[in-house]
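Peer 1: kindly return the folded structure for what I paste below:
(chains A and B)
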Amino acid sequence: DAGVTQSPTHLIKTRGQQVTLRCSPKSGHDTVSWYQQALGQGPQFIFQYYEEEERQRGNFPDRFSGHQFPNYSSELNVNALLLGDSALYLCASSLLLVQETQYFGPGTRLLVL
Amino acid sequence: QQPVQSPQAVILREGEDAVINCSSSKALYSVHWYRQKHGEAPVFLMILLKGGEQKGHDKISASFNEKKQQSSLYLTASQLSYSGTYFCGTEILRGGATNKLIFGTGTLLAVQP
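Peer 2: Next up, the predicted model:
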């Protein structure tokens, strides 16, 4: 049973560029949440997708957008990258209507120069 | 709104016990405990639901005091593999569907031989 997978594992971009990160949820899961984790901090909620719709959103600017596909996989897009966007981006999958936790993928480490 | 964890850091010898606390200013539906090793994704340890019982497996257990909006993680007879940063993730409301997790400030645990 495959767990949550993310790609790429590492990424280096320059300020102003755009980036797309990808996530495949755990088999059987229908909900994908994205988190940003800065060095030394806890994960911060970006948004959550269910049935291809953004269901919840954290306190992040519109530069952060996402998408969920019919196969439940998801993408996170960040436009006009800033130095402060450098972080570990984590994808977590879950079942929306089940009292269970969220399972995290290995993350994508983004460095903005 | 971010839950506060205490202590911020703790150093143990193998075999010693530790308690990590997580305190929220908001009424909580559930508390999720994760351990994260450097450069890796958070790994799920256990979930405590409102109205639920104290949980535990192996030598790690946790409790949830709904009246005080506090949860504690108990590590007994610590092993080297217990080293890492521990985060509590809190869920404020559910309404029948999975909600975003708000993570605490983190507790760095180092177990020495």
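Peer 1: beta-bridge partners for A:Tyr89, please?
Peer 2: Per DSSP bridges, the residues bridged to A:Tyr89 are A:Gln36, A:Thr108.
Peer 1: burial measure for it, as a count.
Peer 2: A total of 24 residues lie near A:Tyr89 under the criterion other Cβ atoms under 10 Å in any protein chain shown. C-betas here are computed from N, CA, C, even on glycine.
Peer 1: run a quick check on it versus A:Tyr35, I expect a contact.
Peer 2: Yes - assessed by Cβ atoms under 8 Å, A:Tyr89 is found in contact with A:Tyr35 at 7.3 Å.
Peer 1: grab the nearest non-local neighbour of B:Ile11.
Peer 2: Nearest non-adjacent residue to B:Ile11, counting by Cβ to Cβ, 6 or more residues apart in numbering or on different chains: B:Ala110, 4.9 Å away.
Peer 1: list the strands paired with the host helix or strand of the one you found, with their directions.
Peer 2: Secondary structure from DSSP states H and E places B:Ala110 in strand B:107-112. Strands that pair with strand B:107-112, judged by DSSP bridges, come out as strand B:9-13 (parallel), strand B:84-91 (antiparallel).
Peer 1: could you point out which of those strands sits nearest B:Gln1?
Peer 2: Minimum separation from B:Gln1 across the strands paired with strand B:107-112 (Cβ to Cβ) falls at strand B:84-91, 9.4 Å.
Peer 1: got a list of contacts for the closest one?
Peer 2: A:42-43, A:102, B:3, B:5, B:20, B:22, B:24, B:26, B:28-38, B:42, B:71, B:73, B:98-104, B:106-109 (Cβ atoms under 8 Å, 6 or more residues apart in numbering or on different chains).
Peer 1: now stretch A:104-113: mean pLDDT?
Peer 2: For stretch A:104-113, the mean pLDDT works out to 96.
Peer 1: next, count neighbours for the closest residue to chain A within chain B.
Peer 2: Per Cβ to the nearest Cβ, B:Phe103 is where chain B lies closest to chain A, at 3.4 Å. The number of residues packed around B:Phe103, counting by other Cβ under 10 Å, is 24.
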